[in-house]
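Peer 1: sequence-free structure coming up:
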Ligand code: ADP
Ligand code: MG
């Protein structure tokens, strides 16, 4: 029998490129295929259509013992919209496909769809279709989102320039910390049935995990201030991993400053209960759904006019690796330890 290769040998990104490398785009309307937050198709002379899809599996991506179905529905939509905004685009439609086992009642699925409806109204997108199937492995949700963007202002990952400022929205590491808290409380609850979970004081990090928002507001503010980032990506797998994509695709290095990486006070406090430095979940956690983007140096003043955007460093030439200047002033090499599906 021919050699059988373990999936872990390739990793998630290695597997994707291995399986898709022989596919060549032949359609004139295919502007950009695999490799960015969205695929890009030509719509008309002035507009592109962007498309993204995500698959969420019970037991892999969510745990229904601590995730209310309404929150799950909301989150399943917002994580897709985050990829649309990462192209500097505006989402317009979604399709929702579900696989459901017999353990779910109609009422339970109504809750899931209440969350989906809330996200649709919050972000002003239409639910235009999907698919429904029976499942023997619990709940599966797959959402595809479609958006539009002017050809002039579309923002890819591979176009950052040397000396550009690196900007991050919001704060990082909270969702990962929220998940750690929920998992800890679940374990306590299972060991000593009846002990109520202690969730007071962790509201911020738990909310960031259960009900992430996509940064529609930032895309609107950038447009209002006539700022088109040179490159952009959303932060789903941790800052290090996303910087790695930005740098490798733009063929550059980066220098960021630890003290500039935004971390909420509640996150810093909660994560220390796990004996972890707050910078670690910010770099290597996941599910923040903030935006990471670059702008030319001369836009320094303009970018400070947008609230909730933090300048964390600069893009440097490729001869310098990805590195962070620690609080003590020493350089630390960043590793893209982002989430790996097959570890
Ligand atoms: P994101 O984290 O922004 O959702 P992913 O890391 O999931 O992006 O995917 C990286 C790129 O690989 C995207 O362009 C995506 O469309 C593509 N991709 C992922 N899985 C597959 C697959 N099974 N077949 C073809 N393309 C894929
Ligand atoms: Mg993305």
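Peer 2: That came in fine, so what should we check first? Here the structure is a predicted model, which is why all the values come from computation and not from measurement. Ligands and ions are numbered 1, 2, ... in the order given.
Peer 1: going forward, measure contacts between C-alpha atoms and count neighbours the same way
Peer 2: Will do.
Peer 1: The residue of the stretch 151-300 of the chain found nearest ligand 2: neighbour count?
Peer 2: Going by C-alpha to the ion, ligand 2 is nearest to residue 234 of the stretch 151-300 of the chain, at 4.8 Å. If you count neighbours by other C-alpha atoms under 10 Å, residue 234 ends up with 28.
Peer 1: what's the pLDDT at the closest residue to it other than its chain neighbours?
Peer 2: Leaving aside its sequence neighbours, residue 234 sits nearest to residue 291 (C-alpha to C-alpha, 6 or more residues apart in numbering; 4.5 Å). You'll see residue 291 listed with a pLDDT of 98.
Peer 1: The helix or strand encompassing residue 291 near ligand 2 anywhere?
Peer 2: Assigned by DSSP states H and E, residue 291 belongs to strand 290-295. No. Judged by C-alpha under 5 Å from the ion, strand 290-295 makes no contact with ligand 2; its nearest approach is 9.2 Å.
Peer 1: Check which residues of whichever helix or strand comes after that strand are buried.
Peer 2: The helix or strand immediately downstream of strand 290-295 is helix 300-304, counting by DSSP H and E. Neighbour counts over helix 300-304 (16 or more other C-alpha atoms under 10 Å) mark residue 303 as buried.
Peer 1: following helix 300-304, which helix or strand shows up next?
Peer 2: strand 309-316.
Peer 1: What sits closest to the most centrally placed residue in the chain if chain neighbours are left out?
Peer 2: The residue lying closest to the centre of the chain (C-alpha atoms, centre = their mean) is residue 236, at 2.5 Å. Excluding its sequence neighbours, the residue lying closest to residue 236 (C-alpha to C-alpha, 6+ apart) is residue 287, at 4.5 Å.
Peer 1: before we move on, what about residue 249?
Peer 2: Once flanking residues are discounted, residue 249 sits nearest to residue 158: 4.5 Å by C-alpha to C-alpha, 6+ apart.
Peer 1: which stretch of helix or strand covers that neighbour?
Peer 2: Per DSSP H and E: residue 158 is located in neither a helix nor a strand.
Peer 1: That one and residue 243 touch, don't they?
Peer 2: No. With contact defined as C-alpha atoms under 8 Å, residue 158 does not count as touching residue 243 (11.2 Å).
Peer 1: more crowded one of these two?
Peer 2: Shown here are residue 158 and residue 243; by other C-alpha under 10 Å, residue 243 has more neighbours (28 against 20).
Peer 1: Show me what whatever helix or strand the more buried one lives in is packed up against.
Peer 2: Using DSSP H and E, residue 243 falls within helix 239-250. Judged by 3 or more C-alpha pairs under 8 Å, 6 or more residues apart in numbering; DSSP states H and E, the packing partners of helix 239-250 are strand 231-235, strand 253-257, helix 279-284, strand 322-325.
Peer 1: what's the shortest one packed up against?
Peer 2: This points to strand 322-325. When contacts are defined as 3+ C-alpha pairs under 8 Å, 6+ apart, strand 322-325 sits against helix 239-250, strand 253-257, strand 331-333.
Peer 1: Quickly note the distance from the residue lying closest to residue 208 once chain neighbours are set aside to residue 138.
Peer 2: Spatial nearest neighbour of residue 208, chain neighbours left out: residue 175 (4.9 Å); criterion: C-alpha to C-alpha, 6+ apart. Using C-alpha to C-alpha, to the nearest Å, residue 175 is found at 24 Å from residue 138.
Peer 1: Give me the more crowded residue out of those two.
Peer 2: Between residue 175 and residue 138, residue 175 has the larger neighbour count (other C-alpha under 10 Å), namely 27 against 16.
Peer 1: Buried residues, stretch 182-195. List them.
Peer 2: 182, 185, 188.
Peer 1: Okay, and which of the residues you listed map to helices?
Peer 2: Using DSSP state H, 182, 185, 188 are the members of the buried residues of stretch 182-195 that sit in helices.
Peer 1: hmm, back to that, rebuild the helices and strands packed on strand 322-325 as TSV, extending it with distance to residue 316 and mean pLDDT.
Peer 2: Shown next, in TSV, are the helices and strands packed on strand 322-325 (distance: least, C-alpha to C-alpha, whole Å; pLDDT from 0 to 100):
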stretch	distance to residue 316	mean pLDDT
helix 239-250	9	96
strand 253-257	5	98
strand 331-333	14	94
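Peer 1: hang on, the earlier thing: what's the helix holding residue 243 in contact with?
Peer 2: Among residues not part of helix 239-250, those counted as contacts by C-alpha atoms under 8 Å, 6 or more residues apart in numbering are 157-161, 172, 231-236, 253-254, 282-285, 292, 315, 322, 334-338.
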